[in-house]
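Visitor: got a predicted model here, sequence first, then my questions.
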Amino acid sequence: MTGPQEGLDVTSTTRPDGAAPSGASPSPGEVAPSGTDRAPGDGAATAAATPGPGRTTGPDAAPTVNPARPGEGPLLVALDIDGTILSHDDVLSDGVVEAVAAVRAAGHHVMLSSGRSLIAVLPVAERLGLAEGYMVCSNGSVTARFDDASPTGYVVDEVITFNPEGALRLLRDELPDALFAVEDVGVGFRMNDLFPHGELDGVHRVVDFEELWSGEVTRVVVRSPGSTSEEFSELARSLGLSDVTYAVGWSAWMDIAPLGVTKASALERVRGLLGVAPGATVAVGDGSNDIDMLRWAGRGVAMGHADPEVKEAADEVTGSIDEAGAVAVLRSLV
């Protein structure tokens, strides 16, 4: 495990070897595709079959009992961003902002839980008026906490990393023309060539391919415009990526992350830090990368436009993004 990214204020770095992410999926199976920075759509996802060296699978996530309703507070309310509170046209409605403020005023914890990188989550948090508490980024690999004492206004509370060399070498052999990027937390991405404009946030630095594994990373992004999601999924299975979590998003995109790390594993840790009861948790999401989070929550709510497997993982279904479904859920908490 590596230490904090250079230049970041980190209060807690990666877990020691052998420590499992609490709240991780109890067994290998489906995991969420990392909702990449502003990448459209979600797709099928498959987890690796066995834990990597020095890692174990985590304990069962909190059972879905005693769904969180008003009066159980303080609640922990986790919100996905893209397609849940933010439209695909990057519109954050006044209704969402007002509903989030009302839930916070009622004494509950409201936090963002996204596949976006930290630098892509922060502007959304600002637009929502969030300036305290936690943020889960990079689908659980990075957890940050607002901190007025920090020059940046936040500290990186936890970073979970892995060595991407093996996966990168295997994928380059199969996809020699693909674009590869690794996340530098709080900075941007290193990549073997520039990605299309607007698909990744932060500083972009083109480096030699071998430099992508010069240190451990939180996430690898693979973009292959000529591949379909089905082809990506089959490729990942055939390569036997057994020591990482991989996830296929839209037709040209794959994310690779530390084994067993999901939004749910990070949220379970935050829940413990805040002292919130397992049943007093609410999560709202729309993508396959929200499935574990919805199952983890005491009250998991899928957006109305979500795919059937996402809705099946939830306790209930609200309206679509166009119907302000997340607003209805937030209003029910006050």
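Guide: Received the coordinates, thanks. Numbering: from 1, shown residues only.

Visitor: alpha carbons only for contacts and neighbour counts from here, please
Guide: OK.

Visitor: for the residue most central in space within the chain, what are its contacts?
Guide: Nearest residue to the geometric centre of the chain (CA atoms, centre = their mean): Asn139, 1.7 Å. Residues counted as contacts of Asn139 (CA atoms under 8 Å, 6 or more residues apart in numbering) are Ser34, Gly35, Ser113, Ser114, Gly115, Arg116, Val261, Thr262, Lys263, Asn289.

Visitor: most neighbours among these, which one?
Guide: Ser34 (36 neighbours; other CA atoms under 10 Å).

Visitor: need the pLDDT of the residue nearest to the centre of the chain.
Guide: For Asn139, the model assigns a pLDDT of 89.

Visitor: need the three-state assignment for the nearest residue to it once chain neighbours are set aside.
Guide: Leaving aside its chain neighbours, Asn139 sits nearest to Gly115 (4.3 Å; criterion: CA to CA, 6 or more residues apart in numbering). Assigned by DSSP: H, G, I helix; E, B strand; the rest coil, the conformation of Gly115 is coil.

Visitor: surely Gly115 is in contact with Cys137?
Guide: Yes. Counting by CA atoms under 8 Å, Gly115 does reach Cys137; the two are 5.7 Å apart.

Visitor: if I look at the two, which residues touch both of them?
Guide: Common contacts of Gly115 and Cys137 (CA under 8 Å, 6+ apart): none found.

Visitor: contacting residues around stretch 83-93?
Guide: 40, 79, 82, 96, 127, 284-287, 303, 321-322, 324-326.

Visitor: show me the strands in the stretch 51-200 of the chain, by range?
Guide: 76-79, 109-113, 134-137, 142-146, 154-159, 179-184, 188-191 (DSSP state E, counting those that start in this stretch).

Visitor: buried residues, the last one. List them.
Guide: For strand 188-191, burial by neighbour count (16 or more other CA atoms under 10 Å) applies to Gly188, Phe189, Arg190, Met191.

Visitor: give the contact list for the closest residue to the last one other than its chain neighbours.
Guide: Setting aside the residues directly before and after it, Met191 is nearest to Ala181 in space (CA to CA, 6+ apart), at 4.0 Å. By CA under 8 Å, 6+ apart, the residues touching Ala181 are Phe189, Arg190, Met191, Asn192, Leu212, Val220, Val221, Val222.

Visitor: just name the closest of those to Ala252, please.
Guide: Ala252 lies nearest to Val222 out of the contacts of Ala181, by CA to CA, at 8.0 Å.

Visitor: so that closest one sits in a strand?
Guide: Yes. Under three-state DSSP, Val222 sits within a strand.

Visitor: so it sits against Pro176, correct?
Guide: No. Contact between Val222 and Pro176 fails when scored by CA under 8 Å: they sit 11.2 Å apart.

Visitor: higher neighbour count, these two?
Guide: Val222 (24 against 11).

Visitor: which residues does that one contact?
Guide: Contacts of Val222 (CA under 8 Å, 6+ apart): Ala178, Leu179, Phe180, Ala181, Trp253, Met254, Asp255.

Visitor: mind running it again at 10 Å?
Guide: 168, 171-172, 175, 178-182, 191, 195, 232, 248, 252-256 (CA atoms under 10 Å, 6 or more residues apart in numbering).

Visitor: of those residues, buried ones?
Guide: 168, 171, 175, 178-182, 191, 195, 232, 248, 252-256.

Visitor: in helices only, show me the residues you listed.
Guide: Here DSSP state H is the test, and the buried ones among the contacts of Val222 give Leu168, Leu171, Phe232 as lying in helices.

Visitor: could you identify the least confident member of those?
Guide: When those are compared, Phe232 shows the smallest pLDDT, 72.

Visitor: circling back to that earlier point, dump the contacts of Ala181 into a markdown table; add pLDDT and distance to Ser150 as well.
Guide: A markdown table is the format used below for these (pLDDT from 0 to 100; distance: CA to CA, whole Å):
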| residue | pLDDT | distance to Ser150 |
| --- | --- | --- |
| Phe189 | 95 | 23 |
| Arg190 | 97 | 25 |
| Met191 | 97 | 29 |
| Asn192 | 96 | 33 |
| Leu212 | 96 | 29 |
| Val220 | 90 | 28 |
| Val221 | 89 | 29 |
| Val222 | 89 | 33 |
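
Visitor: of all those, which comes closest to Val270?
Guide: For the contacts of Ala181, the nearest to Val270 is Val220 (24.0 Å; CA to CA).
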